[in-house]
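Novice: can't give you the sequence, but here's the structure:
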């Protein structure tokens with residue numbers, strides 16, 4: 001109260017996406033066709049995105065996964081103190097950031113102020129996208145999604161955003177913990193994994209292990225780094241995936 005903003009002053013506020021962008025009918029139809037093509041498999045899913053080349057659970061990691069030939073990403077969902085659904089694996093901040101405390105005790109704007117921890121010079125953290133922002137990118141890329149709800153009480157908002165984005169067909173797996181009502185939704189059509197995560201003991205970097213896994217019944221494999229799997233499948237080694245980032249000022 002009482003503050004004066006002079007005409008020459010500029011006040012910039014970075015907003016974050018909590019709603020879904022508009023989509024034309026033609027774009028929606030093309031997207032569903034592309035998603036159906038990916039679902040036919042074999043499906044390569046990247047664990048928290050392509051963490052070998054970008055910070056986990058970031059838009060960069062998810063786009064990188066598709067750039068290297070994956071079909072989709074496993075992502076972790078939590079809620080911030082101000083009610084925003086974000087991609088973040090741990091309950092606490094200190095493994096990948098210089099922050100301390102729980103995600104649920106931190107506002108989204110406070111997340112923006114955190115700096116990443118480094119391992120061998122590589123950042124472990126990038127500002128986690130909101131689930132709404134990730135869904136926008138998933139629609140642009142026809143990205144398949146494996147959802148891991150890391151805490152109870154998220155299902156209603158997750159379902160609402162999937163409805164708003166018309167993105168139920170993108171979801172190929174949901175971890176059963178904290179997701180009972182999601183799993184009962186008739187619009188959900190899940191696929192099965194051939195084996196547990198190939199990222200264990202870095203089996204995803206062993207062509208023989210990947211080849212063996214792909215021969216097992218099921219539709220999907222889960223890797224940290226998709227490059228070996230996509231090479232075994234004969235997919236092009238690198239496909240540039242464009243995506244847009246909209247900043248509201």
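Specialist: Perfect, I can see it now. This one's a predicted model, so the numbers in the text were calculated from it and none came from an experiment.

Novice: For residue 61, which non-adjacent residue is spatially closest?
Specialist: Excluding the flanking residues, the one nearest residue 61 by Cβ to Cβ, 6 or more residues apart in numbering is residue 49, at 2.6 Å. All C-beta spots, glycine's among them, are computed from the backbone N, C-alpha and C.

Novice: now the strands for this structure?
Specialist: For the chain, the strands defined by DSSP state E cover 43-47, 72-79, 85-87, 118-119, 122-123, 144-149, 171-174, 220-223.

Novice: At the geometric centre of this structure, which residue do we find?
Specialist: residue 75 (4.3 Å; Cα atoms, centre = their mean).

Novice: can you pull the contacts of the residue lying closest to that one once chain neighbours are set aside?
Specialist: Nearest residue to residue 75, sequence neighbours excluded (Cβ to Cβ, 6+ apart): residue 87, at 5.1 Å. Residue 87 makes contacts with 57, 58, 75, 76, 77, 128, 129, 131, 134, as judged by Cβ atoms under 8 Å, 6 or more residues apart in numbering.

Novice: Quick check: of the residues you listed, which has the highest neighbour count?
Specialist: Within the contacts of residue 87, most neighbours by other Cβ atoms under 10 Å means residue 128, with 31 neighbours.

Novice: Hmm, residue 60 and it touching each other?
Specialist: No - the criterion here is Cβ atoms under 8 Å, and residue 128 misses it with residue 60 at 11.2 Å.

Novice: picking up where we left off before, what residues are up against the residue nearest to residue 61?
Specialist: When contacts are counted by Cβ under 8 Å, 6+ apart, residue 49 touches 56, 57, 58, 60, 61, 62, 64, 65, 73, 75.

Novice: Looking at the residues you listed, which one is closest to residue 169?
Specialist: The closest of the contacts of residue 49 to residue 169 turns out to be residue 73 (Cβ to Cβ; 15.4 Å).

Novice: Closest to residue 24 out of the contacts of residue 49?
Specialist: Nearest member of those to residue 24, counting by Cβ to Cβ, is residue 62, at 22.9 Å.

Novice: Tell me, what's the model's pLDDT at that closest one?
Specialist: With respect to pLDDT, residue 62 scores 95.

Novice: buried ones in stretch 71-90?
Specialist: The neighbour-count check on stretch 71-90 (16 or more other Cβ atoms under 10 Å) flags 71-80, 84-90 as buried.

Novice: how far out from the middle of the chain is that stretch?
Specialist: Remark: stretch 71-90 is offset 8 Å from the chain centroid, using Cα atoms, centre = their mean, to the nearest Å.

Novice: what about it, average pLDDT?
Specialist: Mean pLDDT, stretch 71-90: 97.

Novice: Quick one: end-to-end distance for it.
Specialist: From its first residue to its last, stretch 71-90 covers 24 Å (Cα to Cα, to the nearest Å).

Novice: likewise stretch 111-124?
Specialist: Span of stretch 111-124 from end to end, Cα to Cα: 14 Å.
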